[in-house]
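**Q** the following block contains a protein sequence and its predicted model.
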Amino acid sequence: MRESINKYMKGYLTIKVEGLDIERFLNMSVTNRIYLWDIKRISFTEVLMKINIKGYRSLKRISRKTGCRISIVEKKGFPFFLSRLGKRKMMAAGFLIFVALIIWLSSFIWSVRITGVEGIRTQDVTQNLSALGVRPGAPKLNIAVADVENNMLIRMSSLSWIKIKLIGTRAEVQVKEKVPAPEMVPVDKPCNIIAKRDGIIEKIASTNGDVVVSQGDPVRKGQLLVTGAIDRENAGRRYVHASAEILARTWYDGSAAVPLKSQKNIRTGRKAQSIYIISGSKKYMLKKLNIPYKSYDKIERSTGLIDTDVFQLPVRIVIEDYYETIAKNMAITKEEAQKQALGIAEKSILDNISKSAKIIDKKVSATIKEGVAVANVTIETMEDIGASEEIK
């Protein structure tokens, strides 16, 4: 796209080269670093091609050496457009008005793009930005970027950072959310350490408190591992903030089922289309459609009339394609069904496994029951299962 715009702005020609030595003509052009494109042979002695204005001036010498004749078929680009305008006063006036309109429109924000949103709703960010003046249709001169950034951090406590850039008619908004700190017992308060999941103790490294389990002991979620209530002879009971690393073997289970036979919607090749223009909140139909299919896939494409990196108009063309589909019976082999089921089961575990857990073993099984592949996966890990619990 950018290359096409550059060619248009500089201007280019479609030329026809005629002669018996066209191959030599092309080779000499390449040797002299003259850029030619869209080269199409019409006949043995005629070739069409495109060339920029600067390159065309350099072709005359090559034309004389090879005995080929050059003729201009078409002129395209901004320089030729300006030349034609000079001869047509009304068109020139219209062009100047159009340029003035574009300049005026470019002083407004016409789109807001937000990135970095994960846990919070994009709608919440959009609403707060709008309340602070960053919204489609807002004059750029009225937007104090630094003030908006500061006020956004005040209005949305879930944000830790925000950066706003005004690029042409678009506002680029990058946000970073606060990572909630894990709930921990303050170090000045006494606490126990309990198991946050089932496991078998492998290693205990305590720096404070009394350990009440041993290596090899099976433990249940919530079971006391290290107590912060310390009893000593002749000293009575005192309470401390227990601290320890408790490594244990833990297990995660996952299962999945995949049928050998199923139905899938397949496109028939028939397609219908509707086209409309959106300007602000209004919708103008160009090609209205009553969908003729009972079952279909819908694909929507949207593009701005002028939509570049630095300038956008608030007018968009929307094309909706409707592809007719029919239900078709599908079948896969037992091996493929088992493979899919195992993959789904394992993924369900890995999506929920603790990030600090180290995988040390994996056991899998898959069977076929009544036309369905059933898979079971067990992953064994080594992880710290200790969690602080305040003594009250």
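**A** Yes, it's here. Residues are numbered from 1 along each chain as shown.

**Q** could you check how far the one residue sitting closest to the centre of the chain is from residue 136?
**A** Centroid-nearest residue in the chain: residue 115, 9.1 Å away (criterion: CA atoms, centre = their mean). For residue 115, the distance to residue 136 equals 17 Å [CB to CB, to the nearest Å]. For glycine as for every other residue, the C-beta is placed from the backbone atoms N, C-alpha and C.

**Q** check residue 10 too.
**A** For residue 10, the distance to residue 136 - CB to CB - is 33 Å.

**Q** name the residue in those two with the higher neighbour count.
**A** Legend: neighbour count by other CB atoms under 10 Å for residue 10 and residue 136, higher for residue 136 (16 against 13).

**Q** wait, what's in contact with the more buried one?
**A** The neighbourhood of residue 136, defined by CB atoms under 8 Å, 6 or more residues apart in numbering, consists of 109-112, 314.

**Q** apply 6 Å and report the result again.
**A** residue 110 (CB atoms under 6 Å, 6 or more residues apart in numbering).

**Q** now do the same end-to-end measure for stretch 230-248.
**A** Its first and final residues considered, stretch 230-248 spans 24 Å by CA to CA, to the nearest Å.

**Q** which residues sit against it?
**A** With CB under 6 Å, 6+ apart as the test, stretch 230-248 has contacts from 187, 190-193, 199-210, 225-226, 228-229, 382, 384-386, 391.

**Q** how about stretch 118-137: buried residues?
**A** Neighbour counts over stretch 118-137 (16 or more other CB atoms under 10 Å) mark 125-126, 128-129, 132, 134-136 as buried.

**Q** quick revisit: measure the residue nearest to the centre of the chain to residue 165 for me?
**A** 11 Å.

**Q** same thing with residue 146?
**A** Remark: distance between residue 146 and residue 165 (CB to CB) = 12 Å.

**Q** those two - which one has more neighbours?
**A** residue 165 (11 against 8).

**Q** just the pLDDT at that one, thanks.
**A** Confidence at residue 165, expressed as pLDDT, is 90.

**Q** give me every residue that touches the residue nearest to the centre of the chain.
**A** residue 174.

**Q** partner residues bridging it?
**A** residue 174 (DSSP bridges).

**Q** pLDDT below threshold where in the stretch 1-150 of the chain?
**A** 1-6, 84-92, 95 (pLDDT under 70).

**Q** and with 50 instead?
**A** Low-confidence segments of the stretch 1-150 of the chain (pLDDT under 50): 1.

**Q** so where do the helices sit in it?
**A** 2-10, 22-31, 53-66, 78-86, 89-105, 122-131, 145-155 (DSSP state H, counting those that start in this stretch).

**Q** now do the buried residues in the last one.
**A** Spelled out, that is helix 145-155. 148-149, 151-152.

**Q** what's the farthest-apart pair in those residues?
**A** Greatest spatial distance among the buried residues of helix 145-155 (CB to CB): 149 and 151, at 7.5 Å.

**Q** one step back: so which of the contacts of stretch 230-248 belong to strands?
**A** 191-193, 199-208, 210, 225-226, 229, 382, 384, 386 (DSSP state E).

**Q** so this structure: which segments form each domain?
**A** As recorded under automatic domain parsing, the domains making up the chain are 2-81, 108-177, 191-248, 254-260+332-383, 264-329.

**Q** turn those into TSV, columns for distance to residue 94.
**A** Listed next are these as TSV, based on distance: least, CB to CB, whole Å:
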stretch	distance to residue 94
domain 2-81	12
domain 108-177	22
domain 191-248	73
domain 254-260+332-383	59
domain 264-329	17
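
**Q** tell me which strands and helices the strand with the most length in the chain is in contact with?
**A** Counting by DSSP E, the longest strand found in the chain is strand 261-279. In this structure, strand 261-279 packs against strand 282-287, strand 315-331, with contacts taken as 3 or more CB pairs under 6 Å, 6 or more residues apart in numbering; DSSP states H and E.

**Q** chain center to that strand, what's the gap?
**A** Centroid separation between strand 261-279 and its chain, computed with CA atoms, centre = their mean, to the nearest Å, is 24 Å.

**Q** same question, stretch 25-44
**A** The answer for stretch 25-44 is 41 Å, by CA atoms, centre = their mean.

**Q** using the three-state scheme, assign residue 361.
**A** strand (DSSP: H, G, I helix; E, B strand; the rest coil).

**Q** which helix or strand contains the nearest residue to it once chain neighbours are set aside?
**A** Excluding its sequence neighbours, the residue lying closest to residue 361 (CB to CB, 6 or more residues apart in numbering) is residue 380, at 4.0 Å. Element membership for residue 380, per DSSP states H and E: strand 372-384.

**Q** tell me what that strand is packed against?
**A** Checking 3+ CB pairs under 6 Å, 6+ apart, strand 372-384 ends up next to strand 243-259, helix 334-350, strand 358-369.

**Q** residues in contact with the last one?
**A** Pointing back at strand 358-369 there. Residues contacting strand 358-369 (CB under 6 Å, 6+ apart): 334, 338, 342, 374-382.

**Q** same check, this time on stretch 287-299
**A** Contacts of stretch 287-299 (CB under 6 Å, 6+ apart): 272, 274-275, 321-325.

**Q** run the chain-centre distance for it.
**A** 28 Å.
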